[in-house]
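Colleague: need coordinates for the below:
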Amino acid sequence: MKSTRLLSLAALACMSLAVPASAAWNQVRSLDLPSVLPERGTIAVRMMADKIAIRPVSGDAQCSQIDARFADGGKRPLITNRVMFLKDHVYEFELPKMKHEVARIDMTCHAATNKDMTMLVVMESKS
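Modeller: Have a look, this model is predicted:
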């Protein structure tokens with residue numbers, strides 16, 4: 001796990017290379033995923049956002065659900081079916097037209113290979 005955390009720190013430093021330079025992307029956090037069974041993880045955020053981007057590092061990830069939860073109690077499912085997220089690809093999700101304060105991101109995911117991996121989460125705010 002120590003090498004996974006070090007890799008996630010290095011990937012965070014490189015994340016700005018994978019998103020448009022004109023956007024105001026904010027690095028949020030990463031979530032370490034196990035390689036065996038899907039795990040429900042939560043990333044607490046409290047940030048105004050227009051988009052959320054997810055990037056798996058150190059391997060592919062398989063997720064069955066990812067939700068953005070808002071401070072006003074609402075939620076926006078980002079995915080609701082089993083989806084494979086490929087290593088080092090950036091997956092962007094638009095939030096509803098009105099700007100919302102994202103309180104947390106809930107993820108049910110696991111590593112697609114036989115080793116643990118990390119998912120990075122960033123958010124974009126246009127103002």
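
Colleague: from here on, just use CA atoms for contacts and neighbour counts.
Modeller: OK.

Colleague: what comes up buried for stretch 29-47?
Modeller: By 16 or more other CA atoms under 10 Å, the buried positions in stretch 29-47 come out as 30, 31, 32, 33, 34, 35, 38, 39, 43, 45, 46, 47.

Colleague: oh sorry, the question was meant for stretch 96-104
Modeller: Neighbour count says stretch 96-104 has 100, 101, 102, 103, 104 buried, by 16+ other CA under 10 Å.

Colleague: any weak-confidence spans in the chain?
Modeller: By pLDDT under 70, the low-scoring segments of the chain are 1-24, 26-27, 34-37, 99, 126-127.

Colleague: quick one: the helices in it, in order.
Modeller: 2-14 (DSSP state H).

Colleague: can you map out the strands along it?
Modeller: Applying DSSP state E to the chain gives strands spanning 25-33, 39-49, 51-57, 61-70, 75-79, 83-85, 91-94, 100-111, 117-124.

Colleague: and among those, the most buried is which?
Modeller: Most buried of these, by mean neighbour count (mean count of other CA atoms under 10 Å): strand 117-124, with a mean of 23.

Colleague: stretch 75-85: how far from the chain's middle?
Modeller: Remark: stretch 75-85 is offset 11 Å from the chain centroid, using CA atoms, centre = their mean, to the nearest Å.

Colleague: start and end of that stretch, how far apart?
Modeller: Taking CA to CA, to the nearest Å, stretch 75-85 runs 22 Å from one end to the other.

Colleague: which residues sit against that stretch?
Modeller: 55-56, 60-69, 91, 93, 95, 112 (CA atoms under 8 Å, 6 or more residues apart in numbering).
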